[in-house]
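Asker: Following is a predicted model, sequence given first.
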Amino acid sequence: MQKIEGEPISIEKGEWKVPKRPIVLYITGDGIGPEVTTQAIRVVDKAVEKVYGSSRSISWVKVLAGEEAEKESGSRFPKETKEALLRYKVVLKGPLQTPVGEGFRSINVEIRMLLDLYANIRPVKYMEGLKSPLTNPEKVDLVIFRENTDDLYRGIEWEYNSKEAFKLRQFLKNELGIELEEDTGIGIKPISKSKTERITRIALKFAIQNKRRVVTIMHKGNIMKYTEGAFREWAYEVARREFGNDVVFEEDLGGATPPQNKVLVNDRIADNMFQQIITRPESYDVILAPNLNGDYISDAAGALIGDIGVLGGANVGDWAGMFEAVHGTAPKYAGKNVANPTGVIRGAQLMLRFMGWIEAENLIDKAIIESVKQKRVTQDLARYMNVTPLGTKEYADTLIEIMDSL
Ligand code: NAP
């Protein structure tokens, strides 16, 4: 690893303490990853320099994962990278390839588990110029908090003809009087109080600090009472117990308008919510969801703005954070300088937000919105705007030029 300058970011119980020259790790990723990540770093550095001059700067430290790591060390997720992640705790990550079916485990999942990154955060906001399927897409401004470690994603399931499924069916029949068909596969949906409480805390804290209007708990508690219904109950309990001064509850308001300085907390049943984010997107703001609902609603929300390729996300826990694009490695575009780096830049913006470097984040936001408005974009957007596309690097140059002019 290179000689490291700067100081580590300290994160304790979700509180970030950021020095003037913080060390941030980066993983360039596979496929288009190296191109988009390199350009994202240029854009972030420019924004930080423009806003804070020489008083703040990021000390970027490259660590290896994926194909590049395998070539250099024989491992896709080397020990040195794991040690650096545990030590420095904050990483900007390019997309990493995961084969479908057999093969190596997802390094994305391994990083999440290593750093206990339990909150997956995905902002979805429309930008003028994108090709949305909605008539009023400018009303879409959502931030989704998806619980990342519980629920059906624990992967506890057995094939219908396994001895485990047989044993479980026997247990259900003999001990609990529940008879299932002999050809039933079984999966288990665990949702715990402690994991619900911690995702609720991080979502409410974010909503309050960022002056959002509403936090909606999304659940299917009418059917799954003791898992999704419990998620709803426990989330409300945390909101009342720990955030009582900053929130109000829809059920207490009786239809009255919530006070300006408070965040409204309400809940919606998942199926209703899917239709309402399309028909009335302005009613939704921060969405708090268990793992599976969160997975579905994240992509559905992305579709509302017409292009999931320009979205970034964060995976955050109590003592670490990983920031990335929503899209994958797009292998057919690798090495061609045509991919759109906006997804990784959006991920980096979230990192700046958690660091408290909000002014730099806002500057990048303005530049991206302006570039799309001016139709100075990469081929993914240029092809439906009927304009000549910019290359990955030239697009980053454009953002830098726009930031300079602001
Ligand atoms: P993908 O890499 O996101 O690519 C799907 C399509 O999206 C591309 O063919 C391209 O569409 C478009 N696209 C995605 N990113 C783009 C960008 N930056 N600029 C321009 N166009 C972009 O999805 P995938 O093909 O399903 O997955 C490929 C690999 O990525 C898999 O190994 C998967 O496991 C991995 N992956 C990793 C992550 C992660 O690291 N977090 C996330 C998702 C997937 P057009 O063909 O229409 O131009």
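Answerer: Happy to help now that I have it. Numbering: from 1, shown residues only.
Asker: For my notes, confirm residue 26 occurs in a helix.
Answerer: No - looking at residue 26 with DSSP: H, G, I helix; E, B strand; the rest coil, it is strand, so not inside a helix.
Asker: For it, give me its contacts.
Answerer: Residues near residue 26 by CB atoms under 8 Å, 6 or more residues apart in numbering: 37, 41, 60, 61, 62, 63, 91, 92, 93, 94. Where you see a C-beta, it was placed from the backbone N, CA and C, and this is true even at glycine.
Asker: export these to a markdown table and tack on distance to the ligand, secondary structure and neighbour count?
Answerer: Formatted as a markdown table, those follow (distance: CB to the nearest ligand atom, whole Å; DSSP: H, G, I helix; E, B strand; the rest coil; neighbours: other CB atoms under 10 Å):
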| residue | distance to the ligand | secondary structure | neighbour count |
| --- | --- | --- | --- |
| 37 | 11 | helix | 27 |
| 41 | 15 | helix | 22 |
| 60 | 19 | strand | 17 |
| 61 | 19 | strand | 18 |
| 62 | 17 | strand | 15 |
| 63 | 15 | coil | 21 |
| 91 | 12 | strand | 25 |
| 92 | 12 | strand | 28 |
| 93 | 7 | strand | 25 |
| 94 | 7 | coil | 27 |
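Asker: residues near the residue of the chain found nearest the ligand, how many?
Answerer: Residue of the chain nearest the ligand, by CB to the nearest ligand atom: residue 328 (2.4 Å). Neighbour count for residue 328, taken as other CB atoms under 10 Å: 18.
Asker: Which of the helices or strands spans the residue nearest to it when sequence neighbours are not counted?
Answerer: Once flanking residues are discounted, residue 328 sits nearest to residue 95: 4.8 Å by CB to CB, 6 or more residues apart in numbering. Under the criterion of DSSP states H and E, residue 95 resides outside all helices and strands.
Asker: quick one on the thing from earlier: would you list the phi and psi of the residue of the chain closest to the ligand?
Answerer: Backbone geometry at residue 328, expressed as degrees, to the nearest 10, gives phi -100, psi -150.
Asker: can you count the residues close to residue 280?
Answerer: Residues near residue 280, counting by other CB under 10 Å: 11.
Asker: Roughly how far does it sit from residue 272?
Answerer: 11 Å (CB to CB, to the nearest Å).
Asker: And for residue 287?
Answerer: 13 Å.
Asker: Just give me the neighbour total for the residue nearest to residue 328.
Answerer: Residue 95, neighbours per other CB under 10 Å, totals 27.
Asker: do the one 4 residues further on as well
Answerer: Neighbourhood size, residue 99 [other CB under 10 Å]: 8.
Asker: got it, and residue 269?
Answerer: Residue 269 is flanked by 15 other residues according to other CB under 10 Å.
Asker: Can you classify residue 287 by secondary structure?
Answerer: Strictly by three-state DSSP, residue 287 counts as strand.
Asker: Quick check: which element contains the residue located most distally from the centre of the chain?
Answerer: Distance from the centre of the chain peaks at residue 174, with 43.4 Å (CA atoms, centre = their mean). The secondary structure element spanning residue 174 is helix 163-176 (assigned by DSSP H and E).
Asker: Low-confidence regions, the stretch 51-200 of the chain specifically.
Answerer: Low-confidence segments of the stretch 51-200 of the chain (pLDDT under 70): 100-104.
Asker: quick one, phi/psi of residue 137?
Answerer: Dihedral angles of residue 137 (phi, psi; degrees, to the nearest 10) stand at phi -70, psi -20.
Asker: now swap in residue 263 and tell me
Answerer: Torsion angles, degrees, to the nearest 10, at residue 263: phi -90, psi 130.
Asker: and it, what does it touch?
Answerer: 204, 207, 208, 212, 213, 214, 215, 243, 246, 247, 248.
Asker: Now distance to residue 403 too, for the contacts of residue 26, in CSV please.
Answerer: Shown next, in CSV, are those (distance: CB to CB, whole Å):
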residue, distance to residue 403
37, 19
41, 14
60, 18
61, 24
62, 24
63, 27
91, 24
92, 18
93, 23
94, 22
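Asker: out of residue 287 and residue 272, which sits in the busier spot?
Answerer: The neighbour comparison of residue 287 against residue 272 (other CB under 10 Å) goes to residue 287, with 26 against 10.
Asker: and the residue lying closest to the more buried one once chain neighbours are set aside, what does it touch?
Answerer: Nearest non-adjacent residue to residue 287, counting by CB to CB, 6+ apart: residue 144, 4.8 Å away. By CB under 8 Å, 6+ apart, the contact set of residue 144 is 120, 121, 122, 123, 124, 286, 287, 289, 294, 297, 298, 301.
Asker: Compare these and tell me which has the most neighbours.
Answerer: The most crowded member of those is residue 289, carrying 28 neighbours; neighbours defined as other CB under 10 Å.
Asker: No further queries at this time; thank you.
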